[in-house]
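*Asks:* sequence and predicted structure below; questions after.
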There are 2 protein chains.
Amino acid sequence: MKQRIYINDVAVRDGFQIEKNIISTETKIALIDALSETGVAKIETTSFVHPKLVPNMADAVEVLANIKRAADVTYSVLVPNRKGMERAVATHQSDGRIDEINVVVSASETHNRANVNRTCDESFADFAIMVKMAKSAGIRINGSISTSFGCPFEGYVPEDRVLGFARRFADLGFDGVSLADTTGMANPAQVERLSAAAVRQFSNIELTLHFHNTRGMGLANVIAGIRAGIVHYDGSLAGLGGCPFAPGATGNICTEDMVNMLEDMDYDTGVDLDRLLAAAVKMPAIVGHDVTGQVMRAGKTMHLHAVPGKLYTQ
Amino acid sequence: MKQRIYINDVAVRDGFQIEKNIISTETKIALIDALSETGVAKIETTSFVHPKLVPNMADAVEVLANIKRAADVTYSVLVPNRKGMERAVATHQSDGRIDEINVVVSASETHNRANVNRTCDESFADFAIMVKMAKSAGIRINGSISTSFGCPFEGYVPEDRVLGFARRFADLGFDGVSLADTTGMANPAQVERLSAAAVRQFSNIELTLHFHNTRGMGLANVIAGIRAGIVHYDGSLAGLGGCPFAPGATGNICTEDMVNMLEDMDYDTGVDLDRLLAAAVKMPAIVGHDVTGQVMRAGKTMHLHAVPGKLYTQ
């Protein structure tokens, strides 16, 4: 019996949000629909952030109203604050169902202020209200802890502080908690240690790991998380996404590279890698630049080659 | 007490051999000298391959005669056949000392024929003679097994066949054996399994792992090898090197990315990462194209950033 690993693709939200070119609503819908047919467990579809801040998320309502939902896929949205939560709940109740809402706080005060212009306590005060709004609407809610494995301003964040934030989410009644390595500072030893502590403390919560491949350790960190017992992983199709503090650096871990590795290792991702690759190869044309996915260049591990002709002529 | 991991940089040989532009002898010498001052344990300096086949290795004798040797660094050369061994031994006895010779056979018959145009048995028949030549000259000798984790023509190679080849090297009196993932097909589960078997069977031999990052698993495979007890790793400065069957794919694992990860994990690599990065950033100008190293773009993990100014103005 293979171990199941659950894949959450965040490209349409976490990837597109930093793209300078506006991606058309039709393209987003087509991409989400293609992802729905690959077998991924979850898709982060859009964000209810202010359209002036993130122009590529201005079509959140239209995207949700027009995607084709697969029965076994969870469709999630990012919600940055109470205003966004009001819009998300209204959308859920009219045009487009939302299965799960994702909110974000940073483990480091400095990063939280940089990201959402408030203290961490202020963020949690909002979450206490937002969780009730989501639950009343019948929507699952997940709390993401950014910079869980390091803050680009402060350095490593004490593990007790990260676990304390997870505890606050759990005590508020959240369904899931994501530990996010926002700028790619995590290493496998740290991931295994913190993940194991989280698994011990939060047996009733869905734990997800969110990695970036900024310094090449992304897939190593996935293995470390699995060793600690975490089975939910965020990835971004074609490796979209990035880090504003490292121009030219690679972004989120690439979903299809992760699936290729996990399938090679005999895990059950539930994902049809060929379909996933077929969606991924369209990404450079969609975003208008090269992407960092490696399997789309090299082919799946078991994509064998013909022996070069010259061999037997010698 | 930190665990020591030994780093062997192969960029000047494995990286430069596939570069189309001719790299000047002075540049190679300067690069090897810079690597000598970083604290790496071993440097693969050149190859005694026929200059018509690999023009960038035509200056092997001159390179060896002019590098500054650090006392604690092993300087190795690749030798493809008996003819190359004659040249290497002659060089060792005149202009430039050689600490170690590296020979190569592929685990798969098809790949060995493609690579050196002979059967694996024919390769080992040569090795039986070459090991005596090296030993008589007082040079250490290492046997590399290409495609140990998969052949791009045949697929996975039976582990017993790979271990059998390692046994043949050991029985011939070789000092070390490298298991090489020539085209980036290895996954961490496979690496840990095969490495553990090798460690059990070859306690008197220096075992080295050689990975490519073709499908993003390179650093994950290093962790898997360490878990199995292997402490010697090949890397290529700036991630130079590549795979002829995957155009555009990334090549060897990047030495400075590996060192950054291992130092983050509290291993002792003996390497000064700042010096290594200072050498790596020169590589794009040397080879005339972009390279795949990620830490040179993103900065070391603990390279912190100033908080963006706009923050406190809001």
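*Replies:* Looks like it came in fine.
*Asks:* close to chain B, is the longest helix anywhere in chain A?
*Replies:* Of all the elements of type helix in chain A, the one with the most residues (DSSP state H) is helix A:120-136. No: judged by CB under 8 Å from any CB of the partner chain, helix A:120-136 stays clear of chain B, getting no closer than 13.6 Å. For every residue, glycine as well, the C-beta is placed using N, CA and C.
*Asks:* for chain A, what spans make up the helices?
*Replies:* Along chain A, counting by DSSP H, helices occupy A:25-36, A:60-66, A:82-93, A:109-116, A:120-136, A:159-171, A:188-201, A:218-228, A:255-264, A:273-280, A:283-287, A:295-298.
*Asks:* next, format the ones you listed as JSON lines and append mean pLDDT and mean neighbour count.
*Replies:* JSON lines is the format used below for these (pLDDT from 0 to 100; neighbours: other CB atoms under 10 Å in any protein chain shown):
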{"stretch": "helix A:25-36", "mean pLDDT": "98", "mean neighbour count": "20"}
{"stretch": "helix A:60-66", "mean pLDDT": "97", "mean neighbour count": "20"}
{"stretch": "helix A:82-93", "mean pLDDT": "97", "mean neighbour count": "18"}
{"stretch": "helix A:109-116", "mean pLDDT": "93", "mean neighbour count": "19"}
{"stretch": "helix A:120-136", "mean pLDDT": "98", "mean neighbour count": "17"}
{"stretch": "helix A:159-171", "mean pLDDT": "98", "mean neighbour count": "18"}
{"stretch": "helix A:188-201", "mean pLDDT": "98", "mean neighbour count": "19"}
{"stretch": "helix A:218-228", "mean pLDDT": "98", "mean neighbour count": "26"}
{"stretch": "helix A:255-264", "mean pLDDT": "98", "mean neighbour count": "27"}
{"stretch": "helix A:273-280", "mean pLDDT": "98", "mean neighbour count": "20"}
{"stretch": "helix A:283-287", "mean pLDDT": "96", "mean neighbour count": "17"}
{"stretch": "helix A:295-298", "mean pLDDT": "94", "mean neighbour count": "25"}
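*Asks:* now render the ones you listed as a markdown table, adding distance to residue B:242.
*Replies:* Output for the helices of chain A, formatted as a markdown table (distance: least, CB to CB, whole Å):
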| stretch | distance to residue B:242 |
| --- | --- |
| helix A:25-36 | 31 |
| helix A:60-66 | 39 |
| helix A:82-93 | 45 |
| helix A:109-116 | 37 |
| helix A:120-136 | 45 |
| helix A:159-171 | 39 |
| helix A:188-201 | 26 |
| helix A:218-228 | 19 |
| helix A:255-264 | 17 |
| helix A:273-280 | 21 |
| helix A:283-287 | 20 |
| helix A:295-298 | 10 |
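*Asks:* chain B contacts on the stretch 101-250 of chain A?
*Replies:* A:110, A:113-114, A:117, A:150, A:152-155, A:184-185, A:187-190, A:213-220, A:222-224, A:243, A:245-250.
*Asks:* go again with 6 Å.
*Replies:* Proximity of the stretch 101-250 of chain A to chain B is confined to A:110, A:113-114, A:117, A:152-153, A:155, A:185, A:187-189, A:214-217, A:219-220, A:223, A:245-246, A:248-249 under the rule CB under 6 Å from any CB of the partner chain.
*Asks:* sorry, back to before: what's the longest helix of chain A packed up against?
*Replies:* Contact here means 3 or more CB pairs under 6 Å, 6 or more residues apart in numbering or on different chains; DSSP states H and E; on that basis helix A:120-136 packs against helix A:82-93, strand A:100-106.
*Asks:* ok, residue A:162 - contacts?
*Replies:* Neighbouring residues of residue A:162 by CB atoms under 6 Å, 6 or more residues apart in numbering or on different chains: A:107, A:145, A:148.
*Asks:* just the buried ones among those, please.
*Replies:* Those of these that meet the buried threshold are A:107, A:145, A:148, by 16 or more other CB atoms under 10 Å in any protein chain shown.
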